[in-house]
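*Asks:* next come a sequence and a model predicted from it.
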Amino acid sequence: MKNYQFLTPLEFPNGVTLKNRIVMSPMTTMSSFYNGMVSNDELDYYQARAGGPGMIITAVANVSDNGKGFEGELSAASDDMIPGLTKLAATIKQDGAKAILQIFHAGRKSNHQVLRGEQPVSASAIAAVYPPNSETPRALTEVEIQQIIQDFAAATKRAILAGFDGVELHGANTYLLQQFFSENSNQRTDQWGGSLEKRMTFPLAVINAVKTTIKENAADQFILGYRISPEEIETPGIRLADSLTFAQTIKPLISYLHLSMGSYQRTSLNNQDDKTPLLNQFADVTNHELPLIGIGSVETPTDAENVLAGGADLVAIGRELLREPQWVQKILSDDEASLRFKMSPNEMDELAIPRVMQVYLRESFAKVMHFTTDKTAAESYQNQVAPMEGFEKKL
């Protein structure tokens, strides 16, 4: 076995230790029951991948009924979900991985069909540019904003009761936390919008409410992560300087920062003169004082080492763990030669990929899955946004 850095343990500032630095990134399964309860297909999917990574982040769970973004989405919006979430946490943790429940509110990234006739909500009544023909949301009232903040806190308490080791606030991929941070979607003139500082108010309120819940209900070692999209391509929209400022602001409040981008080698999409990879620029902010999760088309051990060399402390792997659930175990046993970097569409059942997720991968992610049946080379997304950054078509 080679002496890879990603196989070494990592200790969080609060004392939690991961057995290695590989993180299974949150991937949409679309396989929960209609009401958001955990299905056996999901348990099988996580069990097949639970033995290797040091930490596994679940597919996103909504915190409010009006925060549902797509069908088959996990929910943490009521106490009825706790038994299923308990099974999910136990499945992930059975071989020593830490289990993190990712939670969110979809905001305007939903529609009246998913919400059973209700209009989507957001910071302002502005439709998303992507996907085309997105519905115009209703601007949230003050009372509703306060309720959603408490919904995040309540979902966190359910994660604690279910036995998860932490939660990750999904502030990326154009969902509600990002919608409040972006001047593209937030054009409010009250305390929740306007300047960069005011656009930080909602995500900071959510972070602080969740921290209070953790302090009151969990041990000191409960983990609080935050996921962020470095930039938006719309104008107006989030620029890199905004996100770096936000990262600096939340640095003392969270346990780790998780980037969302299609390639770990990506440079700024808005400033072509800036040749420094985004990963390195965020690493300058976190500076190994706050664990940073690097991500984006990590497939080989060399990719994983490059992410750490770029200043990250942890490496998130997504699609490669779909193709190769035993990625970590094979490397540990000197069996790198058998790693799969392509996947036959006919293998997805034996890889414990839920049937609905299989359709989703074929229809929305075909360009990045490395199917053996591909007729063209896969996209790298080094210099463009990837489908999983909020641009994919949900079923």
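*Replies:* That came through, no problem.
*Asks:* now do the same end-to-end measure for stretch 174-192.
*Replies:* 17 Å (Cα to Cα, to the nearest Å).
*Asks:* stretch 213-221 now?
*Replies:* 13 Å.
*Asks:* chain center to that stretch: distance?
*Replies:* Mean C-alpha position of stretch 213-221 versus that of the full chain (Cα atoms, centre = their mean, to the nearest Å) differs by 22 Å.
*Asks:* what does that stretch contact?
*Replies:* When contacts are defined by Cβ atoms under 8 Å, 6 or more residues apart in numbering, stretch 213-221 is touched by residues 12, 14-16, 153-154, 156-157, 160-161, 165, 222, 224. Placement of C-beta: from N, CA and C, glycine included.
*Asks:* equivalent analysis for stretch 86-102, please.
*Replies:* Applying Cβ under 8 Å, 6+ apart, the external contacts of stretch 86-102 come out as 16, 18-19, 24, 26, 38, 42-43, 46-47, 50-61, 76, 85, 155, 159, 161-168, 170, 223, 225, 227.
*Asks:* got it, and stretch 110-127?
*Replies:* For stretch 110-127, the surrounding residues in contact (Cβ under 8 Å, 6+ apart) are 65-71, 106-109, 134-140, 144, 176, 179-180, 184-188, 192-193, 202.
*Asks:* if any of these are buried, put those into a PyMOL selection.
*Replies:* Selection of buried members from the contacts of stretch 110-127 for PyMOL, criterion 16 or more other Cβ atoms under 10 Å:
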select buried, resi 66+67+68+69+70+106+107+108+109+134+135+137+138+139+140+176+179+180+184+185+186+187+188+192+193+202
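*Asks:* in helices, which of the contacts of stretch 86-102 appear?
*Replies:* 42, 43, 46, 47, 85, 155, 159, 161, 162 (DSSP state H).
*Asks:* ranking the residues you listed by neighbours, who comes first?
*Replies:* residue 159 (32 neighbours; other Cβ atoms under 10 Å).
*Asks:* I'd like to know how far it sits from residue 203.
*Replies:* With distances taken as Cβ to Cβ, to the nearest Å, residue 159 is found 18 Å from residue 203.
*Asks:* let's have the ones in helices among the contacts of stretch 86-102 in JSON lines, adding distance to residue 296 and pLDDT.
*Replies:* Below are the ones in helices among the contacts of stretch 86-102 laid out as JSON lines (distance: Cβ to Cβ, whole Å; pLDDT from 0 to 100):
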{"residue": "42", "distance to residue 296": "24", "pLDDT": "98"}
{"residue": "43", "distance to residue 296": "28", "pLDDT": "98"}
{"residue": "46", "distance to residue 296": "22", "pLDDT": "98"}
{"residue": "47", "distance to residue 296": "26", "pLDDT": "98"}
{"residue": "85", "distance to residue 296": "28", "pLDDT": "98"}
{"residue": "155", "distance to residue 296": "27", "pLDDT": "99"}
{"residue": "159", "distance to residue 296": "26", "pLDDT": "98"}
{"residue": "161", "distance to residue 296": "33", "pLDDT": "98"}
{"residue": "162", "distance to residue 296": "30", "pLDDT": "98"}
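*Asks:* want to try JSON lines for these, with distance to residue 2 as columns?
*Replies:* Converted to JSON lines, the ones in helices among the contacts of stretch 86-102 look like this (distance: Cβ to Cβ, whole Å):
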{"residue": "42", "distance to residue 2": "33"}
{"residue": "43", "distance to residue 2": "33"}
{"residue": "46", "distance to residue 2": "27"}
{"residue": "47", "distance to residue 2": "28"}
{"residue": "85", "distance to residue 2": "37"}
{"residue": "155", "distance to residue 2": "40"}
{"residue": "159", "distance to residue 2": "36"}
{"residue": "161", "distance to residue 2": "41"}
{"residue": "162", "distance to residue 2": "37"}
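*Asks:* how about those residues, which pair is most distant?
*Replies:* 47 and 155 (23.4 Å; Cβ to Cβ).
*Asks:* low pLDDT regions in the stretch 1-150 of the chain?
*Replies:* Along the stretch 1-150 of the chain, segments meeting pLDDT under 70 span 1.
*Asks:* the helices in it, which residues?
*Replies:* Here the stretch 1-150 of the chain has its helices, by DSSP state H, counting those that start in this stretch, at 40-47, 82-93, 142-162.
*Asks:* just so I know, which of those lies nearest residue 359?
*Replies:* For these, proximity to residue 359 was assessed by Cβ to Cβ; helix 40-47 is nearest, at 12.7 Å.
*Asks:* now that closest one, how far from the chain's geometric center?
*Replies:* Mean-position distance between helix 40-47 and its chain equals 18 Å (Cα atoms, centre = their mean).
*Asks:* tell me which residues in the helix or strand containing residue 303 are buried?
*Replies:* Assigned by DSSP states H and E, residue 303 belongs to helix 301-309. Neighbour counts over helix 301-309 (16+ other Cβ under 10 Å) mark 301, 303, 304, 305, 306, 307, 308 as buried.
*Asks:* ok, and the closest non-adjacent residue to residue 298?
*Replies:* With Cβ to Cβ, 6 or more residues apart in numbering as the criterion, residue 298 has its nearest non-adjacent residue at 5.0 Å, and that residue is residue 317.
*Asks:* what about that neighbour, distance to residue 41?
*Replies:* From residue 317 to residue 41 the distance is 21 Å (Cβ to Cβ).
*Asks:* the two: which is more packed in?
*Replies:* Legend: neighbour count by other Cβ under 10 Å for residue 317 and residue 41, higher for residue 317 (25 against 18).
*Asks:* so the more buried one bridges to which residues?
*Replies:* Residue 317 has these beta-bridge partners by DSSP bridges: residue 24.
*Asks:* gap between it and residue 184?
*Replies:* 30 Å.
*Asks:* so of the contacts of stretch 86-102, which ones are in strands?
*Replies:* Secondary structure from DSSP state E places 18, 24, 55-57, 61, 166-168, 170, 223, 225, 227 of these in strands.
*Asks:* what about these, which one has the most neighbours?
*Replies:* residue 167 (32 neighbours).
*Asks:* OK, contacts around it?
*Replies:* Residues near residue 167 by Cβ under 8 Å, 6+ apart: 100, 101, 102, 103, 155, 156, 159, 210, 223, 224, 225.
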